[in-house]
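Colleague: Pasting the sequence and the predicted coordinates here, then a few questions.
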Amino acid sequence: MTRQVFLLAAPGLLGAVDVSASRGAIPDSGADSGWGAVRDSGGKAGGIGTRLMKLEAGTETRLTGAEAHHASVKRLRAGEVVDLVDGRGWRAGAELVGSGTDLRFRLVEAPRFEACPALRLTLIQALAKEKRDLQALEAACEIGALRVVPWGAARSVSRWDGRAKQVKGREKWQNLAVSALKQSRQSRLAEVGEYVESGAGCADSGTGVSPSSRRGAGDENSVFAETRRIIAAGGRVFVLHESASERLSVLLRAISREAPHELGGELSGAGNLGAGNLGGTMEIAVVVGPEGGITEGELAGFRAMGAEIVLLGSSVLRCSTAGPVALAIIQATLGSW
């Protein structure tokens, strides 16, 4: 039976992580405040960060914050074994030794690193009404997307105007990515990128209002700059649109013939995943527009950056469905499925 997964720590997301010193001092991994403060068995906070990879079998750790609440809701019993992951590829089985509010876990095995997928999947998802963008995000992360980028498209009804709204929106997306990680029992947490918009000249001619004028952002914060970054690093960007003549499945089969063994494999190194090329393989991004579709100006901008406009199939899918379906096809053709 697959064990439940809990996120021991995640950069900038969860509360501090308590690590007891039952097996001696925790090795200093250097300053890394995003991983929370370390506390000794007496509860005193230390000034160093910790990572699951640094712990040993027999070490006790205590969940706090949102993960502690999740564990209590699950009504775990003493003696149950779960998987602790760090969101960066490390996993370890751990037994619950506390109860109630004392959610202490003892590692029953040394942490192990799970090889990085050679193919990095990214979803650039337009904001949509009725939480359809959140549905797409959740499914994409369960399928294996390692990066999702929120996009305020020209026809997006929902918008993240202002920095405060953008921070709140990204936090909501990141929390949903955590839920998707646990649902799918993965060890890598998808990154939520900075909010991007389309820039000047992409609005419908009838509105006279461009997304960039609302936000006041430069072109480097646009969805086209994101597209340029991926392609410059050797990746591919596929924009889903019903007007396209070339099918995504046909292009993927061509890629598979060019690199039949490289993309479906894994990278053995324990380093952080970088953007773009991964050890000679690539990042593939899927772009999905809002309910009203992608404007002609946006399509022209994507083409100018080298993106490929593709057709998913004969059916017109909702914006909540198109991205996950495309990612599933990519996984089945090129990835780990």
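Modeller: Perfect, thanks for sending it.
Colleague: For the longest helix seen in the chain, which outside residues touch it?
Modeller: Counting residues, the longest helix found in the chain (DSSP state H) is helix 163-184. Helix 163-184 is touched from outside by 4-7, 10, 13, 66, 70, 85, 87, 134, 137-139, 141-142, 144, 148, 150, 160, 187-190, 192, 194-195, with contacts defined as CB atoms under 8 Å, 6 or more residues apart in numbering. The C-beta positions use only the backbone N, C-alpha and C, and glycine is treated the same way.
Colleague: For ChimeraX, write the selection for the buried entries among the residues you listed.
Modeller: Listed next is the ChimeraX selection for buried residues among the contacts of helix 163-184, using 16 or more other CB atoms under 10 Å:
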select :5,6,7,10,13,70,85,87,134,137,138,139,141,142,144,148,150,160,187,188,189,190,192,195
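Colleague: Parallel or antiparallel, list what pairs with the following helix or strand past the longest helix of the chain.
Modeller: As assigned by DSSP states H and E, the chain's next helix or strand after helix 163-184 is strand 191-192. In the sheet, strand 191-192 lines up against strand 147-152 (parallel) (DSSP bridges).
Colleague: Would you mind writing the CA trace of the partner strand as CSV?
Modeller: The C-alpha coordinates for strand 147-152 follow below in CSV (Å, rounded to 0.1, in the frame of the first residue of the first chain):
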residue,chain,number,x,y,z
ARG,A,147,6.9,24.5,-12.9
VAL,A,148,3.7,26.5,-13.3
VAL,A,149,3.5,30.1,-14.4
PRO,A,150,0.4,32.3,-13.7
TRP,A,151,-0.4,34.4,-16.8
GLY,A,152,-2.7,37.4,-16.9
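Colleague: Mind checking which of the contacts of helix 163-184 are in strands?
Modeller: For those, the ones inside strands are 5-7, 85, 148, 150, 192, with DSSP state E as the criterion.
Colleague: For these, work out which two are farthest apart.
Modeller: Phe6 and Pro150 (26.0 Å; CB to CB).
Colleague: list the contacts for the residue nearest to Ile294 when sequence neighbours are not counted?
Modeller: For Ile294, ignoring the flanking residues on the chain, the nearest one in space by CB to CB, 6 or more residues apart in numbering is His241 at 5.9 Å. Residues near His241 by CB under 8 Å, 6+ apart: 289, 293-294, 299, 309-311.
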